[in-house]
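Undergrad: here is my input, please return the structure:
(2 chains)
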Amino acid sequence: NAGVTQTPKFQVLKTGQSMTLQCAQDMNHEYMSWYRQDPGMGLRLIHYSVGAGITDQGEVPNGYNVSRSTTEDFPLRLLSAAPSQTSVYFCASSRVGGKLFFGSGTQLSVL
Amino acid sequence: AQTVTQSQPEMSVQEAETVTLSCTYDTSESDYYLFWYKQPPSRQMILVIRQEAYKQQNATENRFSVNFQKAAKSFSLKISDSQLGDAAMYFCAPGGNDMRFGAGTRLTVKP
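TA: Here you go, the predicted model:
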């Protein structure tokens, strides 16, 4: 099983550029989410989805957009990258009440 | 929205000894799950233990156990017979539709 596939693993952007982080899961999980982890800190929830067509904001949604057109995919869009968005990004999925399955993470640097 | 507090940024334990990591949280949900995750330097998120809030019995997984006090909204993790491989960041996460993580506790195991 592939589990949660997250791409790219590394990305460098210039301030003001936009990009999309891809996330796909093959476990038919209802719940998907995006987190960011800054050095030495915990994971902060950006956006989450409880099913196709349903998304909601987490703790730190500003500067990010998401959509959930299918059960499998949950892309995260950075609209206009800023240095404050330099971080490691994790996508995760789960069944309701189940453990989170995490992608391998994306190291994003914004110059 | 949930808030999660891990009041111990760092903890240290001697190999083979026992250590307890604390976690308190606030949630408006009545039915939820709680998780402890471990993150070694590899950045991978590993599930340590899961507790269902409606169950009074505390969860146990081998050397790991929890002390869940629902009324006090407390969910501590006890690691018995600590091993060098237990050294990592530990994150508490009360689960609901928007699962949030504490800031983490860095556990050091001394040989």
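
Undergrad: from residue A:56, how far off is residue B:49?
TA: Residue B:49 is 27 Å from residue A:56, where distance means Cβ to Cβ, to the nearest Å. From N, CA and C alone the C-beta is placed, and that goes for glycine too.

Undergrad: the two: who's more crowded?
TA: Using other Cβ atoms under 10 Å in any protein chain shown as the criterion, residue B:49 and residue A:56 rank with residue B:49 on top: 21 against 14.

Undergrad: the more buried one is in contact with residue B:58, isn't it?
TA: No - look at residue B:49 against residue B:58 with Cβ atoms under 8 Å: they stay out of range, at 9.6 Å.

Undergrad: which neighbours do these two share?
TA: Residues touching both residue B:49 and residue B:58 by Cβ atoms under 8 Å, 6 or more residues apart in numbering or on different chains: B:65, B:66.

Undergrad: residue boundaries of the strands in the chain?
TA: Here I'm looking at chain A. Assigned by DSSP state E, the strands in chain A fall at A:4-7, A:10-13, A:19-25, A:31-37, A:43-51, A:54-57, A:64-66, A:76-78, A:87-94, A:101-102, A:106-110.

Undergrad: looking at chain B here, not the other one
TA: Using DSSP E, strands in chain B cover B:3-5, B:10-14, B:19-21, B:24-26, B:33-39, B:46-52, B:60-61, B:64-69, B:74-79, B:88-95, B:105-110.

Undergrad: write out the residues of chain A neighbouring chain B.
TA: Residues of chain A found near chain B, taking Cβ under 8 Å from any Cβ of the partner chain as the criterion, are A:31, A:33, A:35, A:41-45, A:48, A:50, A:56, A:58-59, A:88, A:90, A:92, A:97, A:99-100, A:102, A:104-105.

Undergrad: just the buried residues from the residues you listed, in ChimeraX please.
TA: In ChimeraX syntax, the buried subset of these is picked out as below (16 or more other Cβ atoms under 10 Å in any protein chain shown):
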select /A:31,33,35,42,43,44,45,48,50,58,59,90,92,99,100,102,104,105
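
Undergrad: find the centremost residue of the chain, please.
TA: Using chain A here. residue A:34 (3.1 Å; Cα atoms, centre = their mean).

Undergrad: my question was about chain B, not that one.
TA: Taking Cα atoms, centre = their mean, chain B has its central residue at residue B:36, 3.6 Å away.

Undergrad: out of everything not next to it in sequence, what's closest to it?
TA: Nearest residue to residue B:36 in three dimensions, chain neighbours excluded: residue B:48, at 4.3 Å (Cβ to Cβ, 6 or more residues apart in numbering or on different chains).

Undergrad: now for the one you found, how many residues are close by?
TA: Neighbours of residue B:48 (other Cβ under 10 Å): 23.

Undergrad: measure it to residue A:108 for me?
TA: As judged by Cβ to Cβ, residue B:48 and residue A:108 stand 27 Å apart.
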